[in-house]
Each structure stands twice: as C-alpha cells, then as structure tokens.
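> sequence unknown, structure follows:
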C-alpha cells in the first residue's frame, strides 16, 4: 500500500511539474481563444489543449497552432491558427483560422475536418500537419476560470472583429 501511495505521489508530482512547464505564450494563446469566445460553451471546469509553434509555414510570421480537445481521448476538437506579433513590448495574438476536426488512427489520413477552415486545400494541409505534430506532444489541461481572467498585458484580435469602415 505504501508503494502505491508513493507511486501516486510521484505521478501527481510529475503531472503538476509538467503543467508548470507550459510556456506562457501558449497559455496566452488559449486565453485569447476564451476571451474572443472561440471555445465552445461547456460545463467543464478544465479544458484540454495541445500546441505547436511554427515559424516556417508563413515566412516572416510566427504562428501558434492550438487544438482544443473536446474529449479526454483526444479524438475530436477544434484547431486554430493564431499569429503572434509584438508591439511596444506587448504580445498580440491574432486568431486567423479555425476548424472542427476528428482524428483517426489511420496513419495516412489522421485528420478530417468536420467544419473546414477558410483558405482551401493549402490551409487544410497546414492545419492537418500541425495537428499531427501536436498529437506527438504532451497536452495541457487548463482551468476555464484562469482562461477567462482578464489579462491587460496581451492583445487579442480575430478575423471576426469588426473592421473599421474606410472613409
């Protein structure tokens, strides 16, 4: 019984340590998704995410791909592309694409879009590639309450924001 308790304590400590290592950049990206109402309404108190930082797909730009898993078994969810810029020392997160996805065990396909992203085949290929990379990395569980907390140190924008009219 003592061994079981010790193993559980080690596992719990490793889990807490892994959660503590999540980059703030990724937390802020997820926070912008919550602030901009891109995350589905849920009664859950914690949400599961995966992340991938990409500086190659869009030359000169930094993109963060985020998957919000709908289920603990990671079989479906939402994927987002968020562009990161900095201005006057402040990080700005600009949500520019999203899609609903279903994952399969099929090595060739792997990712199917139930609600396709804007941008056509090229965008779908990049999102699918990012999701496959995310699947090979740890996921992070975040508190809904923490995600919805106001954070004045970052800027959040999205393609759904009202655009100023040209005069």
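Sure thing, it's come through. Values in this document were obtained by computation on a predicted structure and should not be read as measured data. Residues are numbered from 1 along each chain as shown.

> quickly find the element holding the residue nearest the centre of the chain.
For the chain, the residue nearest the mean C-alpha position is residue 66 (2.2 Å; Cα atoms, centre = their mean). Assigned by DSSP states H and E, residue 66 belongs to strand 62-69.

> neighbouring strands - and their directions - for that strand?
Neighbouring strands of strand 62-69 in its sheet, by DSSP bridges, are strand 46-54 (antiparallel), strand 76-87 (antiparallel).

> run through the bridge partners of the residue nearest to the centre of the chain.
In this structure, residue 66 has beta-bridge partners residue 51, residue 80, where bridges are defined by DSSP bridges.

> so it is in contact with residue 31, correct?
No. In this structure, residue 66 is not within contact of residue 31 by Cβ atoms under 8 Å, at 10.7 Å. From N, CA and C alone the C-beta is placed, and that goes for glycine too.

> what angle do the biggest strand by length in the chain and strand 76-87 make?
If you go by DSSP state E, the chain has its longest strand at strand 90-103. In terms of direction (axes from the mean of the first three to the mean of the last three Cα atoms, to 10 degrees), strand 90-103 departs from strand 76-87 by 160 degrees.

> name the helices or strands packed onto strand 90-103?
Counting contacts by 3 or more Cβ pairs under 8 Å, 6 or more residues apart in numbering; DSSP states H and E, strand 90-103 packs against helix 24-35, strand 76-87, strand 111-115, helix 120-135, strand 154-158.

> contacts for stretch 149-157, please.
Residues from elsewhere that reach stretch 149-157, judged by Cβ atoms under 8 Å, 6 or more residues apart in numbering: 28, 31-32, 35-36, 87, 90-95.

> mind redoing it with 6 Å?
The contact list for stretch 149-157, computed with Cβ atoms under 6 Å, 6 or more residues apart in numbering, reads 28, 31-32, 35-36, 91-94.

> sorry, back to before: mean confidence for the strand holding residue 66?
Computed over strand 62-69, the mean pLDDT rounds to 96.

> what does stretch 110-129 give?
88.

> now the end-to-end length of that stretch.
Counting by Cα to Cα, to the nearest Å, you get 10 Å between the two ends of stretch 110-129.

> hang on, the earlier thing: by neighbour count, which of the contacts of stretch 149-157 wins?
The residue in those with the most neighbours, by other Cβ atoms under 10 Å, is residue 32 (26 neighbours).
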